[in-house]
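In: All I have is the shape, not the residue letters:
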């Protein structure tokens, strides 16, 4: 485990402000539950409006919160004036996304000046306390600076 | 181009019924605009409730409709009693997902008895008629039969 | 960490026999350095015959030993009569693959009856003892049984 | 199809020189068979020294030539002083890589100033003239300038 050193001491505020501007996070009732250098966690309740044909959470919605967690994990390590863009991600669906709520954790695997790589895990929590790994993500993030109109 | 031969002549009905059970598609106001053997297209309007911090459609929502298009493209070629599961997908984000509406097309690259691979492309359409490729997906789908409670 | 329980107690022999049949592993002078349930490690020396244009190990060769490590990690958990196939993998290149030798570790993230997912990490070791993470892989493996002529 | 416009008219020479410095391409007896703006093709004979346990070409070797084809396709569009790095790639293995020789084609899907995305396809050619798609790749490439000691 490498302890990451943020470039901007106020990374938590920047993450919270950017997250608050992601309208989709409100739509999904997702909320930030942990922010530390290189690590971000998000929780989200099950919602039957977000399901696929078998009644499980749609894989794309799992990908949505995983991408936000992986992205913000990287964002904690970016300089104060940076905007973040996702270049690509890959998701493996390991088990049906059924549960009462979902917890995702994104963690930086490799910080870099321009390119950062984060790995994420999504867990389903059932009413009776079971925790199950339902998906993993590897995401590649880019630090963007000086692009007009793009911040956060 | 390989012309694919469906195993079940009524593949279109099966796709429409399964799609109708994906609550997330209703939530996103997505609709099926093309179903043919090995190919499915879906359209979806821009909605600011589904945006990320820069006001573009969130990458995970782009992934959601890409996954449905890739999955249903594969599903057109599956036997009548099959259920479909996404094993994994990978998405490259090529340009900001901004536009008035989005068109995604999923197409089977490799059909197989158990495993199928589909490739998808997502386009943003602007009010003045521009069309821009914003994302690509490669997805791996599995045919599941005989698993209780799982159909479509 | 889930301690994995192999279905076949003699998994180590099966892995060694299959690995010995991978001619590419001999060509690369790669050798198995650890086999335990759900985990396999492989070491390989640097060889300038396997380099790309900057003199680093070619990313595809890094992928080759990562795929073998991820695959054999999965193979330790497969039944005695199974053959293993790689369905897909994704590799992130995190740093130039330069060093005296390379150590890769593949570990099962999700075992399943038909589909298994492994994650792998490749490290470069320099002459003066530095260890650097140079690449990660996520791979999807399939258990194949009863396909004529396919074993191991 | 977007016709790509190279920034450097002498892209072919640059690709040939860089390819000639990839020792692994000589080791694999791979050769460039096509170079045009945004597209590169490579051919390689079957060699039993590069096989996996079932006697097919190892997936990592398929990935090796796919990565070179995807990378050089991107490199045709880069400026004269650029070096190219692969950030990540994903490979789907669609059929056993058996044949007399292999042809891979890499093609740029999205050119960008810093980040380019290429897609590749690998075909196996048998002695009796059959052609079979055996693998696909999506790769993300980065243009690097001004990094000491890194060219091509």
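Out: Received it, and whenever you're ready, just let me know what you need. Computed from a prediction, not measured in an experiment: that's the story for all the values here. Numbering: from 1, shown residues only, chains lettered A, B, ... in the order given.

In: Quick check: phi and psi on residue A:49?
Out: In terms of degrees, to the nearest 10, the main-chain angles of residue A:49 are phi -70, psi -10.

In: Distance of it relative to chain C?
Out: Distance, residue A:49 to chain C, by Cβ to the nearest Cβ, to the nearest Å: 28 Å. Heads up, the C-betas are built off the backbone N, CA and C, glycines and all.

In: Over to residue A:83?
Out: Counting by Cβ to the nearest Cβ, the gap from residue A:83 to chain C is 22 Å.

In: try residue A:41
Out: Where chain C is concerned, residue A:41 sits at a distance of 19 Å (Cβ to the nearest Cβ).

In: Name the helix or strand for residue A:26, please.
Out: Using DSSP states H and E, residue A:26 sits in helix A:23-27.

In: close to chain B, is that helix?
Out: Yes. Using Cβ under 8 Å from any Cβ of the partner chain, we find that helix A:23-27 touches chain B at A:23, A:24, A:26, A:27.

In: Now do the buried residues in that helix.
Out: Neighbour counts using 16 or more other Cβ atoms under 10 Å in any protein chain shown place A:23, A:24, A:25, A:27 of helix A:23-27 among the buried residues.

In: Output these as a markdown table; include the columns pLDDT and distance to residue D:48.
Out: Formatted as a markdown table, the buried residues of helix A:23-27 follow (pLDDT from 0 to 100; distance: Cβ to Cβ, whole Å):
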| residue | pLDDT | distance to residue D:48 |
| --- | --- | --- |
| A:23 | 98 | 57 |
| A:24 | 98 | 52 |
| A:25 | 98 | 54 |
| A:27 | 98 | 56 |
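
In: Closest one to residue A:112 out of these, please.
Out: Nearest to residue A:112 among the buried residues of helix A:23-27: residue A:25, at 25.9 Å, using Cβ to Cβ.

In: which residues touch the closest one?
Out: Counting by Cβ atoms under 8 Å, 6 or more residues apart in numbering or on different chains, residue A:25 makes contact with A:19, A:31, A:42, A:68.

In: So which of those residues are in strands?
Out: Among the contacts of residue A:25, the members found in strands (DSSP state E) are A:31, A:42.

In: nearest spatial neighbour of the residue nearest the centre of chain A, skipping sequence neighbours?
Out: The centroid of chain A falls nearest to residue A:69 when counting by Cα atoms, centre = their mean (1.2 Å). Sequence neighbours aside, residue A:106 is the residue nearest to residue A:69 in space, at 3.3 Å (criterion: Cβ to Cβ, 6 or more residues apart in numbering or on different chains).

In: for the one you found, what are its contacts?
Out: Taking Cβ under 8 Å, 6+ apart, we find residue A:106 in contact with A:39-42, A:66, A:68-74, A:118-120, A:137, A:139.

In: Whichever of those residues end up buried, select them in ChimeraX.
Out: In ChimeraX, selecting the buried portion of those, with burial taken from 16+ other Cβ under 10 Å, looks like this:
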select /A:39,40,41,42,66,68,69,70,71,72,73,74,118,119,120,137,139
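
In: what stretches of chain A score poorly on pLDDT?
Out: Across chain A, the ranges flagged by pLDDT under 70 are A:1-2.

In: Show me which residues of it sit near chain C.
Out: Going by Cβ under 8 Å from any Cβ, the residues of chain A near chain C are A:90, A:92, A:94, A:95, A:109, A:110, A:117, A:119, A:133, A:136, A:138, A:140.

In: So how do I select the buried members of these in PyMOL?
Out: Filtering those down to the buried ones (16+ other Cβ under 10 Å) takes a single PyMOL command:
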select buried, chain A and resi 90+92+94+95+109+110+117+119+136+138+140
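
In: Can you add secondary structure and distance to residue A:10 and give the residues of chain A next to chain C back as JSON lines?
Out: Shown next, in JSON lines, are these (DSSP: H, G, I helix; E, B strand; the rest coil; distance: Cβ to Cβ, whole Å):
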{"residue": "A:90", "secondary structure": "strand", "distance to residue A:10": "31"}
{"residue": "A:92", "secondary structure": "strand", "distance to residue A:10": "34"}
{"residue": "A:94", "secondary structure": "coil", "distance to residue A:10": "36"}
{"residue": "A:95", "secondary structure": "coil", "distance to residue A:10": "38"}
{"residue": "A:109", "secondary structure": "strand", "distance to residue A:10": "24"}
{"residue": "A:110", "secondary structure": "strand", "distance to residue A:10": "23"}
{"residue": "A:117", "secondary structure": "strand", "distance to residue A:10": "24"}
{"residue": "A:119", "secondary structure": "strand", "distance to residue A:10": "25"}
{"residue": "A:133", "secondary structure": "strand", "distance to residue A:10": "33"}
{"residue": "A:136", "secondary structure": "strand", "distance to residue A:10": "30"}
{"residue": "A:138", "secondary structure": "strand", "distance to residue A:10": "28"}
{"residue": "A:140", "secondary structure": "strand", "distance to residue A:10": "25"}
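
In: and the residues of chain A next to chain C near chain B, which?
Out: Answer for the residues of chain A next to chain C near chain B (Cβ under 8 Å from any Cβ): A:90, A:92.

In: closest to residue C:84 among the residues of chain A next to chain C?
Out: residue A:92 (17.0 Å).

In: Just confirm that closest one contacts residue C:110, I think it does.
Out: Yes. The pair residue A:92 / residue C:110 is scored as a contact, 7.5 Å apart, by Cβ atoms under 8 Å.

In: Find the residues that touch each one of the two.
Out: Residues touching both residue A:92 and residue C:110 by Cβ under 8 Å, 6+ apart: residue C:117.

In: which residues of chain A fall in strands?
Out: Under DSSP E, chain A gives strands at A:31-36, A:39-45, A:83-93, A:101-110, A:115-125, A:131-144.

In: And those strands: which comes nearest residue B:83?
Out: Going by Cβ to Cβ, the one of the strands of chain A nearest residue B:83 is strand A:83-93, 13.8 Å.

In: What is that closest one packed up against?
Out: The contact analysis (3 or more Cβ pairs under 8 Å, 6 or more residues apart in numbering or on different chains; DSSP states H and E) places strand A:83-93 against helix A:59-75, strand A:131-144, helix B:59-75, strand B:83-93, strand C:131-144, strand D:83-93.

In: Using TSV, lay out the ones you listed together with distance to residue C:100.
Out: Shown next, in TSV, are the helices and strands packed on strand A:83-93 (distance: least, Cβ to Cβ, whole Å):
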stretch	distance to residue C:100
helix A:59-75	31
strand A:131-144	27
helix B:59-75	40
strand B:83-93	33
strand C:131-144	11
strand D:83-93	22
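
In: Show me what the residue lying closest to residue A:45 once chain neighbours are set aside bridges to in the sheet.
Out: Using Cβ to Cβ, 6+ apart and skipping the chain neighbours, the partner closest in space to residue A:45 is residue A:101 (4.8 Å). Residue A:101 has these beta-bridge partners by DSSP bridges: residue A:45, residue A:125.

In: next one: residue A:31
Out: Residue A:31 has these beta-bridge partners by DSSP bridges: residue A:43.
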